[in-house]
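Asker: Provide a 3D model corresponding to the input given below.
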Amino acid sequence: PFASKMASTGKWETVGAKKNKKSSSKSNGKKPGGPGVVERGPVIEHAKPIETAQTIWSSVAELEAEEEHKENKQVQANKDQTKSSNASPKSPKKPGADKKKQQGKEKKAGKREFRTVEDAMKKLDANVLKTVVQDTKLKFPDNPQFWLNDLASVLNLKLDAPDLDPTFYQQPADYPLSTLPKPVYSVLSTTVTSCPLQVQNIFFEHCLYMMMKEMTNGTPTYGYRICLQYLAQSRPEVTTANIPKIADLLKTTVNRPNVCLSIIWGLSQSGSKDLATGLTVWLQLLLPHLGIKSLSSYIIGILENLFKNHKKTKASHSSIGPHEFFPVLDFVFTPNTALSQSLQQRLQAVYPKIKDLALGPSASKTPSQYFPSLLARATPNCPPGLKTEVMELLVHCLTSDPQSFSNWRQMYTKHLPQSGVLMRYMLDNWDKVSRVLPMKFVQETVQAFSITNEEMAAHTPGREECRSACKELLLKMKKPKFPWGQLLFTILLLVVAILGLDIYTHGSFQASTSHRVLKDSGLLAVSQQAWGKISVYTRKGTDWAREWVPYYYSMVAEVLDPYIKLLWQNMYDFGLWLAEVSAPLRAWLDKKVPLVLEWIDAKVPVVVATISQVMSKVNLAAQEYWAVLKPHVMVVWSAVVDNVQAVGSWLGNNVFIGKLSPEALQASMLMVWEYLWTSSTAAKQWIVEKFSA
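Answerer: Residues are numbered from 1 along each chain as shown. Reported below is the predicted structural model:
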């Protein structure tokens, strides 16, 4: 090797071995250009390097370089000390060696500036954060992403406290954001809301990645967690802006439980304000990892808290569809899954709410969309719990959406065993199922299945079970039920019609045949006597009420008057509150009701004219038919009247005799009325005596 130096004369001389002297002397000989060319040439001065813009990232890089330099010096010092101790074993140790070694161990162990994040929060200065954001805005006015990144980095550096629990299990739901000082929260809120929505979505992903990186390095992550929590609570949809990317991130961290739990914690914060977004996050991002033991308990806890914190679920029906519902169904009712029995029971407790949301009314889904997957699960070897639930869901689909019958017909030939299981369930629970299923569609479907069964080969699996079930179902549907309700209604209608026609024919009730029959049988006298008794007792009760009700009212009013006044005041306050609350609704009604009335005014005349036209046609038709049927009806009526009289006389001579005679029945009724009168009189005297005392 060789080195070069500048001679005092301004010439360059080569310093090296002796063998290079000749070549150097030759190079100094007189040649075109001479030795003065270098002195007379232009002098080129080296320009200073262009200074780079100083951001928080350069500050962080300088701090990391300084720390790395210190660690390298410490490692080198330890190596030198080890060599010196090996060379001279009896040499004394340096006084500061133990102290430096202890500091190195503490640094490696992750000793932090603050013991808790609450202590770190107390030292936060909102002015420092404002200054950082303002400086970044001045240097990068057109890049809001840098504003947010710098703010999150500074916040994370300031909150130098140990991460104890990745999910803050024993802390409130809005921790650690709830401990952030209000001025600092205001800086964070103002900075985030000043950025476009797309930048906020990118910033959310940035915080997830930085939190994962800092946890891998063993450094605190409170700053990034607070930013994640604020974004997820203020804009829940930020967690679902890029679901595939976040799903891949979760897959890469399942082998690092603390990191994965921290990411899940950040995603779950969206459910604290919005149930629909929380369910979307749980079903599309968290549910695929429900079978991992280190994550399953926390994932189920997130679902429990969602329904615990949100009682009203009507607005969230569209968040659960068939694709999300069936994995939950399998986890809940399939035994020997990756979930333990206790976790499966916790999931079963929440399952009814998920089912209500999945099968509830929604414009984007219908029950028939669930039918194919449900029928495919109804195998003969299906677990009992799952089979019962699937059968109930299939019946619900058939009941609420007739399109399910069409789906069943299309799937029948390829799902014979499953169809046999469903029809057998319908047979076993026919009393319950027949009340809700539309029998017309059931009969048409089963008849189509019977024809298909005959066309199939004899050795087709499941064919015989389906043939037997179809025959039994058709027999059950053909077997008529006795219509007791219709019979009673028909009899009542017939009696009223006969009585009305009888009165109309004879001009009055006294001249009618019905009056004569009632009088001859004694029922008219009994009813008149009963009505007289009722009138007498009603009059006596009215007289008693006039005499005693004011007295008892004054007694009751004296005792209850304060409570009644309080109740009235509360009702008055409630009325004021109701008027205040219903003001928007009343304003909406004031706007919409006139439009409805205009629509009614436009439509009602047309409807009334149509009804009048139809009624006139019905009246003409009724007159024509009555003119034809009247002679026959009168013949039938005369025959009925003659027969009724004959039957009445026969009953009076053969049945209503002895104890059943009209006189005996009348005497029995009188005895009953006298007993009731005596008992009521005694009760009245006893009550009067008690109140008088």
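Asker: and the helices in the stretch 351-500 of the chain?
Answerer: 371-377, 384-400, 403-411, 416-428, 430-436, 439-455, 463-478, 484-506 (DSSP state H, counting those that start in this stretch).
Asker: got a list of contacts for the third one?
Answerer: Residues outside helix 403-411 that contact it (Cβ atoms under 8 Å, 6 or more residues apart in numbering): 366-368, 371-372, 375, 394, 397-398, 419, 441-442, 444-445, 448-449. (C-beta placed from N, C-alpha, C; glycine too.)
Asker: export the helices of the stretch 351-500 of the chain to JSON lines and tack on mean neighbour count and mean pLDDT?
Answerer: Converted to JSON lines, these look like this (neighbours: other Cβ atoms under 10 Å; pLDDT from 0 to 100):
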{"stretch": "helix 371-377", "mean neighbour count": "20", "mean pLDDT": "93"}
{"stretch": "helix 384-400", "mean neighbour count": "19", "mean pLDDT": "92"}
{"stretch": "helix 403-411", "mean neighbour count": "18", "mean pLDDT": "92"}
{"stretch": "helix 416-428", "mean neighbour count": "20", "mean pLDDT": "93"}
{"stretch": "helix 430-436", "mean neighbour count": "12", "mean pLDDT": "88"}
{"stretch": "helix 439-455", "mean neighbour count": "15", "mean pLDDT": "90"}
{"stretch": "helix 463-478", "mean neighbour count": "17", "mean pLDDT": "88"}
{"stretch": "helix 484-506", "mean neighbour count": "12", "mean pLDDT": "83"}
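Asker: residue 249 is nearest to which of the ones you listed?
Answerer: helix 371-377 (29.2 Å; Cβ to Cβ).
Asker: packing partners for the closest one?
Answerer: helix 384-400, helix 403-411, helix 416-428 (3 or more Cβ pairs under 8 Å, 6 or more residues apart in numbering; DSSP states H and E).
Asker: average pLDDT for stretch 601-616?
Answerer: Confidence over stretch 601-616 (mean pLDDT, whole number) is 80.
Asker: mind saving the C-alpha coords of it as CSV?
Answerer: Output of stretch 601-616 as CSV, limited to C-alpha atoms (Å, rounded to 0.1, in the frame of the first residue of the first chain):
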residue,chain,number,x,y,z
ASP,A,601,-108.6,12.9,-1.6
ALA,A,602,-107.3,11.9,-5.0
LYS,A,603,-107.8,8.1,-4.6
VAL,A,604,-110.9,7.8,-2.4
PRO,A,605,-113.5,9.1,-4.9
VAL,A,606,-112.3,6.5,-7.4
VAL,A,607,-112.5,3.7,-4.9
VAL,A,608,-115.9,4.8,-3.7
ALA,A,609,-117.2,4.9,-7.3
THR,A,610,-115.8,1.5,-7.9
ILE,A,611,-117.4,0.1,-4.8
SER,A,612,-120.8,1.7,-5.6
GLN,A,613,-120.7,0.2,-9.0
VAL,A,614,-119.9,-3.2,-7.7
MET,A,615,-122.6,-3.0,-5.0
SER,A,616,-125.2,-1.9,-7.5
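Asker: quick check: buried residues in that stretch?
Answerer: Within stretch 601-616, no residue qualifies as buried by neighbour count (16 or more other Cβ atoms under 10 Å).
Asker: show me the strands in the protein, by range?
Answerer: Defined through DSSP state E, the strands belonging to the chain, from first to last, are 3-6, 12-15.
Asker: worst average pLDDT in those strands?
Answerer: Among the strands of the chain, strand 3-6 carries the lowest mean pLDDT, a mean of 38.
Asker: quick one: low-confidence residue ranges for the chain.
Answerer: 1-112, 315, 362-364, 479-483, 654-659, 693 (pLDDT under 70).
Asker: rewinding a little: got CSV for the helices of the stretch 351-500 of the chain, with distance to residue 122 too?
Answerer: Rendered in CSV, the data for the helices of the stretch 351-500 of the chain read as follows (distance: least, Cβ to Cβ, whole Å):
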stretch, distance to residue 122
helix 371-377, 55
helix 384-400, 54
helix 403-411, 62
helix 416-428, 65
helix 430-436, 64
helix 439-455, 70
helix 463-478, 74
helix 484-506, 77
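Asker: between the ones you listed, which gets nearest to residue 129?
Answerer: Going by Cβ to Cβ, the one of the helices of the stretch 351-500 of the chain nearest residue 129 is helix 371-377, 52.1 Å.
Asker: and the nearest residue to residue 544 once chain neighbours are set aside, how far is that from residue 245?
Answerer: The shortest distance from residue 544 to any residue other than its chain neighbours is 7.7 Å, reached at residue 684 (Cβ to Cβ, 6 or more residues apart in numbering). Summarising the geometry, the distance separating residue 684 from residue 245, computed by Cβ to Cβ, to the nearest Å, is 86 Å.
Asker: okay, these two: which has more neighbours?
Answerer: Between residue 684 and residue 245, counted using other Cβ atoms under 10 Å, the more crowded position is residue 684 (13 against 10).
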